[in-house]
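Chemist: Here's a sequence, model it:
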Amino acid sequence: MIEKGNKKTINAWAFYDWANSVYPLVITTAIFPTFYQTVTTRELADGGTSNLISFFGNTLPSPAVYSYVVGASFLVVSFLSPILGGLADYWGNKKFFLKLFCYLGALSCGTIYFFDVNRIELSMLSIFFASIGFWGSLVYYNAYLPEIAEPQDHDKISAKGFSLGYFGSSLLLISILVAIMVLGMKAKWAFVLVMLWWIGFAQYTFTVLPHFSKQREAGKHPLWKGIQELKKVFIEIQDILVIKRYLLAFFVYSMGVQTVLLMAVLFAAEEINWGDDSKSKTGLIVSVLIIQFIAIAGAGVFSRMSKRYGNIRVLKVAVVIWFLVCVWAYTITTPVDFYITAAAVGFVMGGVQALSRSTYSKMLPETKDHASYFSFYDVLEKLGIFIGMFSFGWIVQLTGSMRNSIFVLGAFFIVGLILLFFVPRHKWTN
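Modeler: Numbers count the residues shown, from 1 in each chain. Model (predicted):
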């Protein structure tokens, strides 16, 4: 029997956020998007610029290529996570799979050092596998929470993990910026530092977290066992109305949330009038830091609000704010406008991510197969992000402007909000 509420175990669990949060900040938010825009933009003879690149024989805007590749990685994770979630429960060793995806993601980040626009298809594989590694590891990371803590503590512990992640990743980002601007380090070394940070600090988590080992059932192939567990959870969810309706709402609003986070910097680089390239890079980094530090406060504010008003009510407020951010973002053109947008995104980002995870964990029935339940959560989130990213990329490909894609994201938030109103009351979430 695993002791719930053990401070050392909880701290080790939360510390994995410190380790892996450098990926979403440095790779998907701050350094790589500006690096990617620079290497995929070329000057034209008439003095203008073009972001069109050849990708598997097709000429596409570079933001669309990025959106499609990242979206495809989420599709792969959505198919892998239910099978691997079942395998983890069957073998009883979540830590093995947590390590596996951690190392895949971190090592892939390191290989971005060799990114070459002339071999864009091969280079984008690093982005593809880094995304799979990061999001795949979260299947097992999330599944630990209900096994190491009581439901009433999930919000606080989840917010603690996110806060550690924001602090740690911001610390590395600031160090990278100092190294680039003061010491003259090339930007591509940042990807190597992400690899070392992620692997290095994850060792504390791996050392402390328990294995949850259990004996294998005779005559059962682990792959089929995973599929059987998936089917079992699917059937159980049909009889749990609160989970079924919550997951549907989560599925829809996640299409918008993660797409905004993944494409925000590329959007700003393309659509905001920064004045010149130097001001653009500086402004984008400032925006990212605004998002990071305000997100720390946001996670804490939304955690306290959830205790007073209930998770579902607070999630409704968060989704409304996301919609308003989309409406505002469609109109902005100046750096100051984007700084305001970044502040709003940061405030609501920490809240909706932490609350979504902890709300679902509170709804779970008494069972030992939490990895399988969280694989469902991850499948819906990743399929939602896949739809969001491909919708975003498709609109960019059709119109040549990322600004037009914001309409689609706004629609996701409206539908998600409506669905949240149909989630029944639950003792831990209302």
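Chemist: how about stretch 377-396 as CSV, C-alpha atoms only?
Modeler: Taking only C-alpha atoms (Å, rounded to 0.1, in the frame of the first residue of the first chain), the coordinates of stretch 377-396 have been written out as CSV:
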residue,chain,number,x,y,z
TYR,A,377,-7.5,12.1,-20.6
ASP,A,378,-4.4,12.4,-22.7
VAL,A,379,-6.0,10.8,-25.8
LEU,A,380,-8.7,13.4,-25.8
GLU,A,381,-6.3,16.3,-25.1
LYS,A,382,-3.9,15.2,-27.8
LEU,A,383,-6.6,14.5,-30.4
GLY,A,384,-8.0,18.0,-29.5
ILE,A,385,-4.5,19.6,-30.0
PHE,A,386,-4.1,17.6,-33.3
ILE,A,387,-7.4,19.1,-34.6
GLY,A,388,-6.5,22.5,-33.3
MET,A,389,-3.0,22.6,-34.8
PHE,A,390,-4.2,21.2,-38.2
SER,A,391,-7.1,23.6,-38.3
PHE,A,392,-4.7,26.5,-37.6
GLY,A,393,-2.2,25.3,-40.2
TRP,A,394,-4.9,24.7,-42.8
ILE,A,395,-6.2,28.3,-42.4
VAL,A,396,-2.7,29.7,-42.7
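Chemist: How far does that stretch sit from its chain's centre?
Modeler: A distance of 12 Å separates the C-alpha centroid of stretch 377-396 from that of its chain, computed with C-alpha atoms, centre = their mean, to the nearest Å.
Chemist: Need phi/psi at Tyr16.
Modeler: Comment: the main-chain dihedrals of Tyr16 come out as phi -60, psi -30, following degrees, to the nearest 10.
Chemist: ok, for it, nearest residue in space, not its chain neighbours?
Modeler: Thr205 (4.2 Å; C-beta to C-beta, 6 or more residues apart in numbering). For the C-beta atoms, the positions are set from N, CA and C on the backbone; glycine is no exception.
Chemist: Next, work out how far apart the one you found and Lys8 are.
Modeler: From Thr205 across to Lys8, the span is 11 Å (C-beta to C-beta, to the nearest Å).
Chemist: quick one, which of these two is more surrounded?
Modeler: In this comparison of Thr205 against Lys8, neighbours counted by other C-beta atoms under 10 Å, the higher total goes to Thr205 at 25 against 9.
Chemist: Identify all contacting residues around the helix or strand encompassing the more buried one.
Modeler: Mapping Thr205 onto the secondary structure by DSSP states H and E places it in helix 189-208. The contact list for helix 189-208 (C-beta atoms under 8 Å, 6 or more residues apart in numbering) reads 8-9, 11-13, 15-16, 18-20, 22-23, 26-27, 31-32, 95, 98-99, 102-103, 105-107, 109-113, 168, 172, 175-176, 179-180.
Chemist: now do stretch 380-395
Modeler: In contact with stretch 380-395 (C-beta under 8 Å, 6+ apart) are residues 63-68, 70-72, 74-75, 77-78, 81, 135, 247, 250-252, 254-256, 258-259, 262-263, 402, 404-405, 407-409, 412.
Chemist: So which of the residues you listed are in helices?
Modeler: 63-68, 70-72, 74-75, 77-78, 81, 135, 247, 250-252, 254-256, 258-259, 262-263, 407-409, 412 (DSSP state H).
Chemist: Could you identify the buried members of those?
Modeler: Buried subset of the ones in helices among the contacts of stretch 380-395 (neighbour count, 16 or more other C-beta atoms under 10 Å): 63-68, 70-72, 74-75, 77-78, 81, 135, 247, 250-252, 254-256, 258-259, 262-263, 408-409, 412.
Chemist: Show me what counts as buried in the helix holding Thr205.
Modeler: Neighbour counts over helix 189-208 (16+ other C-beta under 10 Å) mark 190-191, 193-195, 197-199, 201-202, 205-206 as buried.
Chemist: Show me what secondary structure element comes after it.
Modeler: Remark: after helix 189-208, the chain's next helix or strand is helix 222-238, criterion DSSP H and E.
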